[in-house]
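Q: what shape does this take:
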Amino acid sequence: MSDEIERRLRAARPHTKADDGWAGSPDGDRTLDAIRRSAKAPRRRSLATVTRLPGRPALLGLGLTAAATVAVTLAVTIPSGSRPGSPVALPPSTTTHPPSGPGIRPSNLALVAYDDCDAALSGLRKHAAAHVSAYQYGGIAYGSREAVPAGAPMDSAQSAAAGSAPDHSTTNVQEAGIDEPDLVETDGKRVVSVSGGVLRVTDVASHEVTGSLDLSMYSGADAAQLLMSGDRVLVLLGGQYSGGYYGGGPMIDSIAPYPQPSTASSGYLLVDLSGSQPSVVSTLHAKGGFVDARMVDGTVRLVVQSAPRIQFPVPGGNASAKEQLARNREAVAHTPLSAWLPSYDVTAHGATTSHTVACRQVSHPANYTGASMLTVYTIDLAGDLKDLEPVSLAADGTTVYASASSLYVASSDGTKTQIHRFDISGAGRPTYLGSGSVPGSMLNSYSMSEYDGSLRAVTTTDQYYAKTGVSSPDAGVSSPNNGRSTSVYVLDAAKLTISGHVGGLGRNEQVHAVRFLGPLAYVVTFESVDPLYVLDLHDPAHPRQTGELVITGYSDYLHQTGPGRLLGVGQDVNSNAIVNGLQVSLFDVSDLSHPRRLDRVVREHTPGEDTLDPHAFLYWPATKTAVVPIHSWDSTQSGAVLVLHVGTDSLRTIGLIRNPAVNSSELGYNTGIERTMMIGESIWTMSSSGLAVSNASTLTRQAWIPFS
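A: Residues are numbered from 1 along each chain as shown. I've put the predicted structure just below:
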């Protein structure tokens, strides 16, 4: 109980030294006992009438202490019949906070947090049984854990000598100050990269690899990504949820395949760079697949999704659908809570400890399936992974977006998108704030944006595939040839309820790009031509489309290059709807009613299949330089980057950069240029074969650093 009070103390207001240990002290015990006795009185007194308790000053009125305030709140809200030690649900907060400021609290925590473990098990079983089918259970399968080997202890050597770093670019992210996992990081003095299962540290001044760490012993090393703060790097090993089916062949007699045992685990390494070689400080092995992560000021919020481990019976040969459904529900009814609760292992200094998320840290939205669990871990890169302060939510999640104070996790089922919000304004454990939904499905994280107390979301609804009874603002359009439409929704971020929307964008077209810039939004849809829509979202209750530009081709990515200027990267498409090649367009969006294209650069005969990864794009405002990767079906054209000068009203091609080809006998493949950085007056390009350094003005190669 004392730990819970201490936690509430810290949440109630800034912690003081006088609070340390008060809840567990004799003085605190006497006060809590008196409060409990008063709470059990037949006629409960108003809080305002309680003035003094033994051993403490006046608890209410002008002499009220924050510690006693929290203690009173905890004591008087214990529900009748609760067992000693059961987690207690607090009443709704009556304090009003700015939607995006510190101290955000859910509107009604009691409606979303489980009171105790019994309530959690009952709720999860009930909802899981309601969503299981006779032959398939969406998302639920067996789970297993794959060991992550322990790393070496932290190197005690001193950090590298301090020195000023040249101006340098960082990962191209959606929101300034919110870092996203990437293949390479730089602080201007060193480049830290991960490729082919090896982490490397390259010195910028000497152009030499000064340290490396072989990650091949870890599962998922080939798909690893990085987040860096100071001398610490978090390596995300790329473990994803994977499932399978018995049989694996075509469906027989219209019966869907049945889930088979699957692996759902992911690993994370905290690496120290201060020594002569990178060294692993500690490791995290989480039950569940990696969804995404965001970092603010050295604190990482890691989102993992897990499925319960339910032992479903193998379908009987003569069992009817009704009988099999009953068997599956019976299996759910006998599954223990441990099958749902997320677990994780932490290894540090040669010792491994196992943990399970506590029941009181598990919440649920009003509607959920019980088929999956989202867990948000908090990782301080300056620490050692000992206190991850996880919170879990009985929900699905595939798309992550974050502002400085909020983390949003969304998932789509084809007809609607459910959005969950967590408060991350503090340094510790996040708080689940609530959930909401909008019709349709999202493109990616760029489809969400928080601004001035509102969450904006862009979704596409396809009425032809919509489930019966699911409504949409674009209802009435149901033909398979005329059923797709895109909308922009504005939600009250505090309640996640829709306050306004504008629909009817891109009829029969697919969304290719979304960009929110302050109170404005830009949406690109495409089928045979490219409409660029401009939307004014100043009034959350009345968002409106203000302009539209229709051109051939389309943009997969939009980037602001100056006031009223937008750069679009995508594909050129001719009048016969045939993709011709890479296209970079410069748009003038200063007039909201009349957007126009000022200039474009087309690389013919380079049609590509992949959309642009925003992390692979670079724009350097100091020299107005844009670097765009070329991905083409033609291997002779693919693998280079196009370097452009972005003027106020025009685009000028500077040239191409291509890294040397990889030695196929060593690495077996050549990814081409995956990332580009600007450091000082040089452009650094990274491929699976190594790092090239080129003069930013002439593109002349200055150095080649092979990954051997």
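Q: from now on I want contacts and neighbour counts done on CA atoms only, so please keep to that.
A: Will do.
Q: how about A293: what's its closest non-neighbour residue?
A: Closest residue to A293 apart from its sequence neighbours, by Cα to Cα, 6 or more residues apart in numbering: L302 at 4.5 Å.
Q: show me what contacts the one you found?
A: Contacts here follow Cα atoms under 8 Å, 6 or more residues apart in numbering; on that basis L302 touches F290, D292, A293, R294, T375, V376, Y377, T378, I379.
Q: keep only those of the residues you listed that are in strands.
A: Within the contacts of L302, residues falling in strands by DSSP state E are F290, D292, A293, R294, T375, V376, Y377, T378, I379.
Q: direction included, what does the one helix or strand the residue nearest to A293 maps to pair up with?
A: Assigned by DSSP states H and E, L302 belongs to strand 299-306. Applying DSSP bridges, strand 299-306 is found paired with strand 289-296 (antiparallel), strand 373-380 (antiparallel).
Q: circling back to that earlier point, quick check, nearest of the ones in strands among the contacts of L302 to L520?
A: L520 has its nearest neighbour among those in R294, at 23.7 Å by Cα to Cα.
Q: would you indicate which residues of the strand or helix carrying A129 are buried?
A: Taking DSSP H and E as the definition, A129 sits inside helix 117-131. Applying a neighbour-count criterion of 16 or more other Cα atoms under 10 Å, one finds C117, A120, L121, G123, L124, R125, K126, H127, A128, A129 buried in helix 117-131.
Q: got a pLDDT number for the nearest residue to the first one once chain neighbours are set aside?
A: So the one you mean is C117. Ranked by Cα to Cα, 6+ apart and with sequence neighbours excluded, the top spatial neighbour of C117 is C359, at 5.3 Å. Per-residue pLDDT puts C359 at 93.
Q: against L566, how distant is C359?
A: Between C359 and L566 the distance is 48 Å, computed by Cα to Cα, to the nearest Å.
Q: repeat that for Q583.
A: As judged by Cα to Cα, Q583 and L566 stand 14 Å apart.
Q: T676 too?
A: 20 Å.
Q: equivalent analysis for K495, please.
A: According to Cα to Cα, K495 and L566 sit 32 Å apart.
Q: more neighbours: the two, which one.
A: L566 (20 against 17; other Cα atoms under 10 Å).
Q: would you agree R329 falls within a helix?
A: Yes - assessed with DSSP: H, G, I helix; E, B strand; the rest coil, R329 lies in a helix.
Q: thought it was touching V132?
A: Yes - checked against Cα atoms under 8 Å, the pair R329 and V132 is within contact range at 7.0 Å.
Q: would you mind listing where the protein has pLDDT under the threshold?
A: Applying pLDDT under 70 to the chain flags residues 1-112, 135-163, 239-263, 463-482, 609, 662-670.
Q: give me the number of residues near S708?
A: S708, neighbours per other Cα under 10 Å, totals 9.
Q: now the helices for the protein?
A: With DSSP state H, the ranges of helices along the chain come out as 2-12, 26-39, 66-76, 117-131, 321-333.
Q: tell me the contacts of G581?
A: G581 neighbours (Cα under 8 Å, 6+ apart): Q571, D572, V573, V602, R603, E604, H605, T606, P607, G608, S632.
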